[in-house]
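Participant: kindly generate the corresponding structure for this input.
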Amino acid sequence: MKGRKASILLIYTGGTIGMKQDPQKGALVPFDFSQILDQVPELAKFAIRIDSVAFDPLIDSSDIEPSMWIRLAELIRDRYDTYDGFVVLHGTDTMAYSASALSFMLKDLTKPVILTGSQLPIGVPRTDGKENLISSVEIASATDSEGRAIVPEVCIFFGSLLLRGNRAVKESSEAFSAFISPNYPPLAEAGINIRYNTSFIRRPADWDSSLKVSTALDTRVAVLKLHPGMTPEIVRHFLLGKETRAVIIETYGSGNAPAKDWFLDIVRESSESGKILVNVTQCLKGGVDMDIYDNGRKLKEAGVVSGLDGTTESTLAKLFVLMGITQDNTIVKNALSQNLRGEILLS
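Facilitator: Got it, this is the predicted structure:
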């Protein structure tokens, strides 16, 4: 990118950020995103080319499906050689799922893919959308002294923080700082200037590598959140479902679950039938260590693998991609313990 004008592609999928108030009806309606510079004239001050494309129809983030992740990944793949960075405008409800999915679907990434959105529409007073969009564009176009992207990762920028996409979770439905990264530091913080935490940013082993995209997703995954009062019938439904290939078990604390015989018998039966069982903590911060307490060890002995400090969103996306690559569940289980995109810490 050195010596030429940078180029950024804005991809509007839907969500609050792309709304403005209809002066006649007073209702919020999507605006023509080809006129983005009219809504955010500050973008014109960047010495970069900004193009935009909008999904048709636009998608509420509550309606996000893996098919949309495939559309996004293919769009980025098809425009990869044309643009230096990508900014995806997305509703907040499922943004962490989409960011996690893209992080695993896009392999050998050397360019920024920044997801952002807003809590208030970009066309209303006090909107957080303008600042989120402006900073996302600046980050997506930022390069180092060698002309390489400073943040060649899939990230979420929201409320002044740049977070690794597969480490982020939505914390608040109201605050402008809606997302947090409980187990990994922010990659950048925006104030008067954008301060990059360069030691935490992942960089490709080979800057000349070609982007590889995985679009075969196997979504046969269930999520069982443990809670007091569970019945054998409910647990059996989740862990032994005929159409289920993997189950994420959201456990207590550092990875603990009931030690009742009926529960462990169902877990063992599920594992022995070949299903992939992954242990992820319900806690926002911290991870799973099934060697600390006896209840955790019993889960491990029954065939449950550790999700370490990965989020549910990230673990779900990782399973979708890994299971789409291979039908061998043993290979998937082994890959779950590998740090593929910075989604887990191994120690």
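Participant: in this structure, what secondary structure element scores lowest on mean pLDDT?
Facilitator: strand 28-30 (a mean of 70; mean pLDDT, DSSP states H and E).
Participant: show me where the stretch 51-200 of the chain has its strands.
Facilitator: Using DSSP state E, counting those that start in this stretch, the strands of the stretch 51-200 of the chain run over 85-89, 106-107, 113-116, 154-158, 161-164, 169-170, 179-180, 188-190, 194-196.
Participant: now do the third one, average pLDDT.
Facilitator: If I follow you right, that is strand 113-116. Mean pLDDT, strand 113-116: 98.
Participant: could you number the chain from 484 rather than 1 from now on?
Facilitator: Got it, the first residue is 484 from now on, which makes the last one we talked about strand 596-599.
Participant: output the contacting helices and strands for it.
Facilitator: Here strand 596-599 touches strand 568-572, helix 578-588, helix 612-624, strand 637-641, going by 3 or more Cβ pairs under 8 Å, 6 or more residues apart in numbering; DSSP states H and E. For the C-beta atoms, the positions are set from N, CA and C on the backbone; glycine is no exception.
Participant: residue 658 against residue 611, yeah?
Facilitator: No: Residue 658 is beyond contact range of residue 611, at 9.6 Å (criterion: Cβ atoms under 8 Å).
Participant: which one of those two is surrounded by more residues?
Facilitator: More neighbours surround residue 611 than the other of residue 658 and residue 611, with 23 against 12 (other Cβ atoms under 10 Å).
Participant: I'd guessed the more buried one sits against residue 642; true?
Facilitator: Yes: the pair residue 611 and residue 642 qualifies as a contact (Cβ under 8 Å) at a distance of 6.8 Å.
Participant: overlap in contacts, the two.
Facilitator: residue 659 (Cβ atoms under 8 Å, 6 or more residues apart in numbering).
Participant: how close does residue 731 get to residue 763?
Facilitator: Separation of residue 731 from residue 763 (Cβ to Cβ, to the nearest Å): 6 Å.
Participant: same check, this time on residue 622
Facilitator: Residue 622 is 29 Å from residue 763, by Cβ to Cβ.
Participant: kindly report the same for residue 727.
Facilitator: Computed as Cβ to Cβ, the residue 727 to residue 763 distance reads 16 Å.
Participant: out of the strands of the stretch 534-683 of the chain, deepest packed?
Facilitator: The highest average neighbour count among the strands of the stretch 534-683 of the chain, using mean count of other Cβ atoms under 10 Å, belongs to strand 637-641 at a mean of 30.
Participant: what segments of the stretch 684-830 of the chain are strands?
Facilitator: With DSSP E, counting those that start in this stretch as the criterion, the stretch 684-830 of the chain has strands at 695-696, 704-708, 729-734, 759-764, 788-789.
Participant: residues contacting residue 572?
Facilitator: Residue 572 makes contact with 493, 494, 495, 496, 498, 500, 501, 598, 599, 600, 616, according to Cβ under 8 Å, 6+ apart.
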